[in-house]
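K.L.:
Below is the structure, and that's it, no one-letter string:
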């Protein structure tokens, strides 16, 4: 009961904040899949799917795939939709950033015929950053949980110096990042 109540309060505040910003600016920051993200980040913050890197990059990858598929492939819409969702899932798993709610982004983009790359900034990037910020504040500081689940220890693992992905990650995010 307590978890359900906390999830209700935190998700209501977060969606309310994003809605308020959207309605009082020229930027739409809401997409339907963000509702499902609330379930994970506030209801199950310990899940790997709820971690900031998964939320941010999962939404970004699937949205980018949806835009590219719709913009450059000229096939029936049901093939576009299926291909975009499948490729988005493939890439999320390949880059180790699966976030199930993000799978719906490609569908929304294709069905609404939203082919603008601006969609990656507003609502995807800015919206997910706001969600992650609220998730960190609520889970870490109000609930006193260890969120996000990353540690210095995970960065100290012996890595092959020829592992290009590890080196890129280390270069981009250094040692202290919410995205680890």
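P.N.:
Everything's here; your move. All figures in this text were calculated on a predicted structure; none of them were measured in a lab. Numbering: from 1, shown residues only.

K.L.:
Touching whatever helix or strand residue 108 lives in from outside, list them.
P.N.:
Assigned by DSSP states H and E, residue 108 falls within helix 103-112. Residues outside helix 103-112 that contact it (CB atoms under 8 Å, 6 or more residues apart in numbering): 31-33, 36, 59, 62-63, 65-67, 69-70, 77, 80-81, 84-85, 87-89, 92, 114-115, 119, 124. Just so you know, the C-beta spots here come from the backbone N, C-alpha and C atoms, and that holds for glycine as well.

K.L.:
Can you flag which of these belong to helices?
P.N.:
Members of the contacts of helix 103-112 lying in helices (criterion: DSSP state H): 33, 36, 59, 62-63, 65-67, 69-70, 77, 80-81, 84-85, 87-89, 92.

K.L.:
Ramachandran angles for the spatially most central residue of the chain?
P.N.:
Nearest to the mean C-alpha position of the chain, counting by CA atoms, centre = their mean, stands residue 55 at 2.4 Å. Residue 55 adopts backbone torsions of phi -60, psi -50, taken as degrees, to the nearest 10.

K.L.:
Okay, it and residue 62: tell me how far apart.
P.N.:
Note on residue 55: its distance to residue 62, by CB to CB, to the nearest Å, is 12 Å.

K.L.:
Between these two, which contacts overlap?
P.N.:
Common contact partners of residue 55 and residue 62 (CB under 8 Å, 6+ apart): residue 102.

K.L.:
Drop anything exposed from the ones in helices among the contacts of helix 103-112.
P.N.:
Buried residues within these, counting neighbours by 16 or more other CB atoms under 10 Å: 33, 59, 62-63, 65-67, 69-70, 80-81, 84-85, 87-89, 92.

K.L.:
pLDDT value on residue 2, please?
P.N.:
pLDDT for residue 2: 89.

K.L.:
And residue 173, by the same measure?
P.N.:
Per-residue pLDDT puts residue 173 at 58.

K.L.:
which of the residues in the helix holding residue 108 are buried?
P.N.:
By 16+ other CB under 10 Å, the buried positions in helix 103-112 come out as 103-110.
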